[in-house]
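**Q** give me a model of this one.
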Amino acid sequence: MSDIAASAGWWTRLANPSRFLALSNRLGPWLAGGTVLTLAVGLYLGFQAPEDYQQGSTVRIMFIHVPAAWLAMMCYTVMALSAIGSLVWRHPLADVSVRAAAPIGAVFTALALITGSLWGKPMWGTWWVWDARLTSFFVLFLMYLGLIALHRALDDPARSGRLSAILVLVGFINIPIIKFSVDWWNTLHQPASVLRVDGPTIHPSLLVPLLVMAIAFTLLFFTLHLVAMRNEILRRRVQVLRRNAARQIGESR
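**A** Alright, predicted model coming up:
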């Protein structure tokens, strides 16, 4: 019970934006340093990895494409959890998390789509096919863009937060569709080769750089998300100060 109470207390303390800003000041440099280090190691291992006997040097696109795709889905999952925190527990930073994560997820999704096309051209003979995996991933990109547009269209943070949280939760159904699309439908996209019950099917010389790059991309996401949340909190504070100043000027007249 004491562990549960401690966890609840930590969650409650984070509801204070000032405490979150102080925590982000301490964590930010460590996350940024870890991102740079693991990204450098991952890129080095990726360039040192042997060529694939079928794909040749184009297999190295995997070290960018696959982590970007994983993080695109993970980012949306983080947004869905934040949306639950916003609608159910009314956590004041949950909406900040959703708003901050949407542009980052859009970039990861775009990167996965672009690198996928670059990888698909020599492998499939075409830049794009409307199969289940690619189409559902493109839908994810459109969902990110829709959320960004919603945030910019509404000036009321409370209304924008509620609507975006509902849309995020409704759109989460697309995440399992992306994950299992290659199993449910006949697609050109290869099935899972890392997260498998019977173990990865990729050779360790390619698997190790891939996993290091996945860690680097994960650290990059949390670094960018932390910075974006800080900026969003400060932006809202500036908006409040401006409104108060405008109100005081109006009352003085």
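
**Q** pLDDT below threshold where in the stretch 101-250 of the chain?
**A** Filtered on pLDDT under 70, the stretch 101-250 of the chain yields the residue ranges 191-192, 194-201.

**Q** now do the SS call for the spatially most central residue of the chain.
**A** Among the residues of the chain, the one closest to the centroid is residue 75, at 2.4 Å (Cα atoms, centre = their mean). Following DSSP: H, G, I helix; E, B strand; the rest coil, residue 75 is assigned to helix.

**Q** hmm, it is touching residue 104, no?
**A** Yes: if you go by Cβ atoms under 8 Å, residue 75 and residue 104 touch, sitting 5.9 Å apart. For every residue, glycine as well, the C-beta is placed using N, CA and C.

**Q** mind listing the shared neighbours of the two?
**A** Taking Cβ atoms under 8 Å, 6 or more residues apart in numbering as the contact rule, residue 75 and residue 104 both touch residue 221.

**Q** now do stretch 37-53: everything it contacts.
**A** For stretch 37-53, the surrounding residues in contact (Cβ under 8 Å, 6+ apart) are 57-60, 63, 205-206, 208-209, 212-213, 215-216, 219-220.

**Q** do that again at 7 Å, thanks
**A** The contact list for stretch 37-53 (Cβ atoms under 7 Å, 6 or more residues apart in numbering) reads 57, 59-60, 63, 205-206, 208-209, 212-213, 215-216, 219.

**Q** please apply the same query to stretch 161-168.
**A** 79, 80, 83, 86, 87, 95, 98, 147, 150, 151.

**Q** against residue 99, how distant is the residue nearest to the fifth one when sequence neighbours are not counted?
**A** Which is residue 87. Distance criterion Cβ to Cβ, 6 or more residues apart in numbering; nearest residue to residue 87, sequence neighbours excluded, is residue 165 at 5.1 Å. According to Cβ to Cβ, to the nearest Å, residue 165 stands 10 Å off from residue 99.

**Q** same question for residue 164.
**A** For residue 164, the distance to residue 99 equals 7 Å [Cβ to Cβ].

**Q** kindly report the same for residue 127.
**A** For residue 127, the distance to residue 99 equals 33 Å [Cβ to Cβ].

**Q** then residue 150?
**A** 10 Å.

**Q** circling back to that earlier point, from the contacts of stretch 161-168, which single one is nearest residue 180?
**A** residue 80 (17.0 Å; Cβ to Cβ).

**Q** now the element after the strand or helix carrying residue 72, going C-ward?
**A** Using DSSP states H and E, residue 72 sits in helix 62-87. Using DSSP H and E, the helix or strand that directly follows helix 62-87 along the chain is helix 94-124.

**Q** buried set for the following helix or strand past that next one?
**A** From helix 94-124 onward toward the C-terminus, using DSSP H and E, the following helix or strand is helix 132-153. By neighbour count on 16 or more other Cβ atoms under 10 Å, the buried set for helix 132-153 is 132-137, 140-141, 143-144, 147-148, 151.
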